[in-house]
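Colleague: Sequence and computational prediction follow.
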Amino acid sequence: MWAQHGEVIYKMWIENAWYVAAWSNEIVRDAIFSRTFIGVPVILYRTGGGLLTALEDRCCHRLAPLSKGRLEGDAVRCMYHGLKFAPSGECIEVPGADRVPSKFRVRHFPVVEKYNLVWIWMGDSEQADPEKIVDWPFLDDPAWPSKGGYLHYDASYQLIIDNLLDFSHLPYAHEKTIGTSNYDKQLPRIEHPPFGIRLEYTADDCPLAPMNKKFAEFEGNVDRWSFYDFHTRGNCLLGDFGSAPVGQGGHGGDRQNALQFRHFTAITPETETTSHYHFAHPRNFGIGVDGLDEQVRAFIFEAFNEDKDIIEAQQKIIHDNPHTPMLPIAADKALIHIRREIENIVATERSVQAAAE
Amino acid sequence: MWAQHGEVIYKMWIENAWYVAAWSNEIVRDAIFSRTFIGVPVILYRTGGGLLTALEDRCCHRLAPLSKGRLEGDAVRCMYHGLKFAPSGECIEVPGADRVPSKFRVRHFPVVEKYNLVWIWMGDSEQADPEKIVDWPFLDDPAWPSKGGYLHYDASYQLIIDNLLDFSHLPYAHEKTIGTSNYDKQLPRIEHPPFGIRLEYTADDCPLAPMNKKFAEFEGNVDRWSFYDFHTRGNCLLGDFGSAPVGQGGHGGDRQNALQFRHFTAITPETETTSHYHFAHPRNFGIGVDGLDEQVRAFIFEAFNEDKDIIEAQQKIIHDNPHTPMLPIAADKALIHIRREIENIVATERSVQAAAE
Amino acid sequence: MWAQHGEVIYKMWIENAWYVAAWSNEIVRDAIFSRTFIGVPVILYRTGGGLLTALEDRCCHRLAPLSKGRLEGDAVRCMYHGLKFAPSGECIEVPGADRVPSKFRVRHFPVVEKYNLVWIWMGDSEQADPEKIVDWPFLDDPAWPSKGGYLHYDASYQLIIDNLLDFSHLPYAHEKTIGTSNYDKQLPRIEHPPFGIRLEYTADDCPLAPMNKKFAEFEGNVDRWSFYDFHTRGNCLLGDFGSAPVGQGGHGGDRQNALQFRHFTAITPETETTSHYHFAHPRNFGIGVDGLDEQVRAFIFEAFNEDKDIIEAQQKIIHDNPHTPMLPIAADKALIHIRREIENIVATERSVQAAAE
């Protein structure tokens, strides 16, 4: 039943994780926002105090979508037969009925706003500890400006993770944008922190990237680093990229005048073959420079669309011939490790669920 | 195998029934009309005398569609290899063959024109008694003018019947059109006539609906009634709606000066997830008023499109997650009854077919 | 498991055959051409010497399409992770790896250019003898000018073969173009050469077809012939059509002043329900007449689109109701024979494959 290494793993995702649902500003007051996560249709809206609530987008009565419903104060009313639901998911009114049966409710999902992002927990609510959300304050720190972006992918989240955990595609898939020629030659150092995997690339005494030159407060060559922390629960990739003048100690030394980017990507499965992709690219330089936030985002968009193009084509090939094997290369070490970790977590979740049933 | 209450029942429809196939004026002379009923593609055309014939839209030779064929007198010729079929479905010519094998034929379906509608019988022809067509002369009575309409639904006929047999959605799905605030509070009286179900709503001493005021030949409050007769075979809903001056006895009293509508809806399954929907709304007032027929139809169209919008969304949710249960409320009593009745009739038809095979 | 006579046979095609992949001029230098044959995605490109190579359009590493790759000399590089493949399909570079594992390769398919066509062998390469390509030099003989054409069919190749091996549809499907009234009355003579089937029609002492009159160097009636050679492996139909003055001996006599067409059609399965259709119609008259090549092709296009229209409609009906039987007529003798022959060859291929596994 489980996929072998190299196969796309369908119908398989971690439930007990904080997934990114949306950017905070996507969900405005007095409107119902709807999106599907791990196969479950969900509505998100703000109650009177501005707090978010997340409910199943499917009335418990005749399965009509609540996203076609009406907000009434903190509640939402299904506009097919008028059942009304509290922000907790509890049904609080069945038109024509004196009392509401206790089993009348829709699923409620824990939801937290943090770092300008909306995080949702699709699994067992009792495990939904907000402390488990990744610690990454750059998204709402004025010293690290960025503009967040969103892509919808016609591909399994697994194929996107594969892509993120692999440096060897940079010179090829991105030959026209961020491709640099050495990433396919040198394998990253790999560490296995409890949250998932850490990849480290460094390059000493090399030229500063052209686009960064006008922002540098120094001259000459730099020591560069690219660190990736991938968090298996929630599919969050947190990057730490920078260039410091040679001799300052690189990533581990004095970063005062280093040019630095932080990178954020979160992939949330929508269905077996589609995904949500949220990203941002905060930086510590060019702060307040007119239009630079948008310029950086546009540049990242261009590179990410190169990934999207090849990954969606790959998904289509796999869909047409799902049993074709994949042959691993050395650069696949990190992604194979994470595929296995996801498989193990999913298997554990399933056995817990099976035991509970 | 049978669906539990509340589930959509796929691959399940009554065969032995008169279904509405089309409005009479949709099928003109010298042209082949094609439409699919309960999963079977059908052509309809008029023979020389103007009589209708209905045949399977699938040549018995290589399964080419007769709807791409050519009418030749009373016969239709398949324009792939030239087989010619009489209005009875019998093949009367195989080009190049001296005689036509007796098993060469396409299915012929009993068809009747009545009340400006074309009625088709998709089941056992021997049971196709035209007397079983619902008795409802309002559609071709000049004293009851109307314009008929048609909607194509991307939803199972079951979900549409559910909607028709439920008053509780009126204030919600139709809040902008025909929604009135009391239909979700008061349950209808239910009767079980042999043909299916009868729902009755009455409201005494209430104001006349605004749109009716200019046609009333009386002043003051009215007693109102809404009676629905649903015929399980053929999915026909026949409505009797009216408003009479208080004290005349309402629906059971003197209807001489009452403002009355009759309502007709017939749902014919096309496939498991799509349906044909024919309707009309005859009235006994405003006769000969210029444009009023169209005005009434446009108003009904608007309300019916509100149903269509929510029902097609409901169908999509059910399709994506077909095993999600539905929780019944008191207002579902009529629709649950009819779902069971349909299940019983279908089960009987299947066991008869199984015994015959 | 095997289809009965008359059913469409899904997932069934001969592998060991030369199939037409493309017209030679469709595959230009410095560009990758991609197309799917018998369910397998393939790229075709020209190496430095102009020779063709055909490889699986699916990298062995992560299944990305090589059609999004980059030509580098005679090799093609996958532009996802940079694996590079020789024209033989052998992987000759894995970026970052010192050596390439021997099993790293993509399938290579024998390919031959002949008669301005590209022929591909999707089966066992050891059997791919170019001598087995049909002998038909008219496509690149200046004495027999023509313009080749291509149609994409939304239909199984089987339904198209059925059409080609049947003359009885000519007066019906082609009533407006090439339909002549006697083809459905007279059955062809059938022979069974080793390559497949041969159909022969002749008509003596009949008028010359109107469109041919201006090219005839003679007056009066003609003896006409239509010979079809269908090659089961590769689905090639080779036609020999002509009109000679009465008394010259027809097809078997003096063809010096006869007006002749040769006809070529090759059907290559793309998927179970789609096909490639290449055709040309060389003639021995009107050579050098300005625009005549295009005029003949346009005429053939029109007639072939009549077939395509009815066959795609037939495919759709079969798809919706795949178990409806077909009833054979006398004119189906040839197509039934070939369906059986294909079934037998496929069964043999499968048992050989099963024995090898």
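Modeller: Received the coordinates, thanks.
Colleague: Tell me where the model's unsure across the stretch 201-350 of chain A.
Modeller: A:211 (pLDDT under 70).
Colleague: Okay, strands next: where are they in it?
Modeller: Per DSSP state E, counting those that start in this stretch, the stretch 201-350 of chain A carries strands over the ranges A:222-231, A:236-245, A:259-271, A:274-280.
Colleague: now for those strands, which one comes closest to A:M79?
Modeller: In terms of CB to CB, the element of those nearest to A:M79 is strand A:259-271, at 24.7 Å. The way it works is simple: take the backbone N, C-alpha and C, and place the C-beta from them, glycine included.
Colleague: how far out from the middle of the chain is the closest one?
Modeller: Centre-to-centre, strand A:259-271 and its host chain are 5 Å apart (CA atoms, centre = their mean, to the nearest Å).
Colleague: For it, name the packing helices and strands.
Modeller: strand A:18-23, strand A:33-37, helix A:157-164, strand A:236-245, strand A:274-280 (3 or more CB pairs under 8 Å, 6 or more residues apart in numbering or on different chains; DSSP states H and E).
Colleague: Which strands or helices does the next helix or strand after the shortest one pack on?
Modeller: Okay, so that is strand A:33-37. Moving toward the C-terminus from strand A:33-37, the next helix or strand (DSSP states H and E) is strand A:40-46. Strand A:40-46 sits against strand A:18-23, strand A:33-37, strand A:52-56, strand A:117-121, with contacts defined as 3+ CB pairs under 8 Å, 6+ apart.
Colleague: Please enumerate residues in contact with strand A:40-46?
Modeller: In this structure, residues lying in contact with strand A:40-46 by CB atoms under 8 Å, 6 or more residues apart in numbering or on different chains are A:21-22, A:27-36, A:52-58, A:65-67, A:69, A:71, A:76, A:107, A:109, A:111, A:118, A:120, A:122, B:317, B:320.
Colleague: Could you turn the buried ones of those into a PyMOL selection?
Modeller: Buried residues among the contacts of strand A:40-46 (16 or more other CB atoms under 10 Å in any protein chain shown), as a PyMOL selection:
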select buried, (chain A and resi 21+22+27+32+33+35+36+52+53+54+55+56+57+58+65+66+67+69+71+76+109+111+118+120+122) or (chain B and resi 317)
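Colleague: is it true that A:A143 touches A:I287?
Modeller: Yes: assessed by CB atoms under 8 Å, A:A143 is found in contact with A:I287 at 7.0 Å.
Colleague: From the neighbour counts alone, determine which of those two ranks first.
Modeller: When A:A143 and A:I287 are compared for neighbours, A:I287 comes out ahead with 13 against 10, by other CB atoms under 10 Å in any protein chain shown.
Colleague: In the stretch 1-150 of chain A, which residue sits closest to chain B?
Modeller: Nearest to chain B, among the residues of the stretch 1-150 of chain A, is A:P95, at 3.5 Å (CB to the nearest CB).
Colleague: Then the stretch 251-357 of chain A?
Modeller: With CB to the nearest CB, the shortest gap between the stretch 251-357 of chain A and chain B falls at A:T271, namely 8.6 Å.
Colleague: per-residue confidence for the residue nearest to that residue when sequence neighbours are not counted?
Modeller: Once flanking residues are discounted, A:T271 sits nearest to A:G39: 5.8 Å by CB to CB, 6 or more residues apart in numbering or on different chains. For A:G39, the pLDDT comes out at 94.
Colleague: All set, thanks.
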